[in-house]
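# Fold the following and give me the result.
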Amino acid sequence: MDTSICWICQKGLALTGEHMVKKSDLKRVFGRERPKKPLHLRRGKLTQEVADYEDRILTFETKICGDCNGTQTQKHDNAWMVLSKAFGDRTSLKPGDKIKLVDVFRNDTREQMILVQLYFVKVLGCAMRDAGFKVDLQTFSDAIKNGIYHPHVYLSFGVVDESNLPKLAGGMAASNGEWGGYIYAADPITVSVVARSFGDEVFDAWNPRYIGDEICIQAF
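Numbers count the residues shown, from 1 in each chain. Sure, this is the predicted structure:
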């Protein structure tokens, strides 16, 4: 596995870091400026203090090229920013709530949700490489480069009972060789991203090939 070359375009030098949780989500959860209380990043048993939202420890170790991190995927990032803000702007969010996507994306709703999925395809790809999982990411790369949705990457949107926990933002990857997943948390929403290598459907999850105009919030 050549980590010096961008895994998305497979030709550019992998020199830029992708945030494990978008900087806009960190600012939404913890404040636009650096919080007075220090933030800490936990990776297994290791805890590190975060200097600011630009701190390199907030990015995946897997790098991508500047073009893929900018021009190629900026519209994917922006689509997720809009949806994430819609979750954050709600006075409450609980299991069973339904989010009408036309209220979030008034124009080109389906196209914008495909861009949201492609954002998480990028995040999941970086997470899987970081974790050292032996998963072929060619279909991930093809989806991102061609701007088409990935038929076997599913998103579930839910909330976690954090009544006794501080505000949360973070992620965690897992795989067993047949599937890979990433949990993306940015209070109040948590997104479960699952890819099935054999194309088995993931029930109670969303994929752009399904026709629907709303998201149902689950309990995680």
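# What is the least confident helix or strand in the chain?
Among the helical and strand segments of the chain, the one scoring lowest on mean pLDDT, DSSP states H and E is strand 169-175, with a mean of 66.
# Contacts only, for the closest residue to Lys75 other than its chain neighbours.
Nearest residue to Lys75, sequence neighbours excluded (Cβ to Cβ, 6 or more residues apart in numbering): Leu115, at 5.6 Å. Where C-beta positions appear, they are placed from N, C-alpha and C, glycine not excepted. Counting by Cβ atoms under 8 Å, 6 or more residues apart in numbering, Leu115 makes contact with Lys75, His76, Asn78, Ala79, Trp80.
# just the buried members of those?
His76, Ala79, Trp80 (16 or more other Cβ atoms under 10 Å).
# which ones among the residues you listed are found in strands?
When the buried ones among the contacts of Leu115 are checked against strands using DSSP state E, none is located there.
# any chance of these in JSON lines, plus distance to Thr109 and pLDDT?
Listed next are those as JSON lines, based on distance: Cβ to Cβ, whole Å; pLDDT from 0 to 100:
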{"residue": "His76", "distance to Thr109": "16", "pLDDT": "98"}
{"residue": "Ala79", "distance to Thr109": "11", "pLDDT": "97"}
{"residue": "Trp80", "distance to Thr109": "14", "pLDDT": "97"}
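# As CSV, those residues with distance to Thr190 would be great.
As requested, the buried ones among the contacts of Leu115 are exported to CSV (distance: Cβ to Cβ, whole Å):
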residue, distance to Thr190
His76, 19
Ala79, 18
Trp80, 14
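# one step back: just say helix, strand or coil for the residue nearest to Lys75.
Classification of Leu115 by DSSP: H, G, I helix; E, B strand; the rest coil places it in helix.
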